[in-house]
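Chemist: Everything below, folded, please.
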Amino acid sequence: MAPSVPRTRAAAALRMKQIALDNQDRTIRRLRAQLATERRGLAATKKELEETQVALEASHKVIAGLTEIGLSMSKKIEKMKDKKQQVRANHVECHQKFQARIHEAEDSMQAQHLIIEALVDEKDSLLQTIHGLQEANNAPAPFDGEWEEEPEEEEIGDIPLGEGEIDDE
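Modeler: Below is the predicted model of the structure:
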């Protein structure tokens, strides 16, 4: 039995080495499968990262565009506010000018009314003086204070002539 023992030991050692190699082979295949899975996951993550970067760049462009629009709108709003303020100031100025004109016209009308009243009073006074002088002189009154209206002449309307007729007169 002795000679077969070393062969059995050698066979056992070879068998152990074969098992170890098989185990290492299975470990290598499992690690390669894990590596392939990790690579696929990494590729998917890399693709998602690229898509996210593209979306982020697009978002930045949209934000920049919206910011530009917002700034433009702010400027327009400021211009509109300035214009509204200017229109309001112009309106107030025009209103004040019109009020001044109205007061001026009212003052003028009041002055004219006072002048008319003074003239009427003066006319009455003159008429009384004239009347007094006429009575003192026993003269007939040339003016009794009322106007006699002259009768209006009746207007002679155009007498229509027949068509084609000529008026020789």
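Chemist: element containing the residue nearest the centre of the chain?
Modeler: Nearest to the mean C-alpha position of the chain, by CA atoms, centre = their mean, lies Met80 at 7.1 Å. Taking DSSP states H and E as the definition, Met80 sits inside helix 4-137.
Chemist: Pull the number of nearby residues for Glu93.
Modeler: Neighbour count of Glu93, defined by other CB atoms under 10 Å: 10. Heads up, the C-betas are built off the backbone N, CA and C, glycines and all.
Chemist: Now do the contacts for it.
Modeler: For Glu93, no residue meets the contact criterion (CB atoms under 8 Å, 6 or more residues apart in numbering).
Chemist: how close does it sit to Gln86?
Modeler: 10 Å (CB to CB, to the nearest Å).
Chemist: Ala105 now?
Modeler: Distance from Ala105 to Gln86, counting by CB to CB: 28 Å.
Chemist: same deal with Arg29?
Modeler: Counting by CB to CB, the gap from Arg29 to Gln86 is 84 Å.
Chemist: ditto for Gln128
Modeler: Taken as CB to CB, the span from Gln128 to Gln86 is 62 Å.
Chemist: can you check Gln34 too?
Modeler: Here the criterion is CB to CB. By it, Gln34 lies 75 Å from Gln86.
Chemist: Give me the neighbour count for Leu134.
Modeler: One correction, residue 134 is Gln, not Leu. 14.
Chemist: meant to ask about Arg9
Modeler: Counted by other CB under 10 Å, the residues lying close to Arg9 total 10.
Chemist: Please list all residues in contact with it.
Modeler: Contact analysis of Arg9 by CB under 8 Å, 6+ apart lists nothing.
Chemist: And the pLDDT for it?
Modeler: Per-residue confidence (pLDDT) for Arg9: 85.
Chemist: Asp144 too?
Modeler: At Asp144, pLDDT is 56.
Chemist: where in this structure is pLDDT low?
Modeler: By pLDDT under 70, the weakly predicted segments of the chain are 1-6, 139-169.
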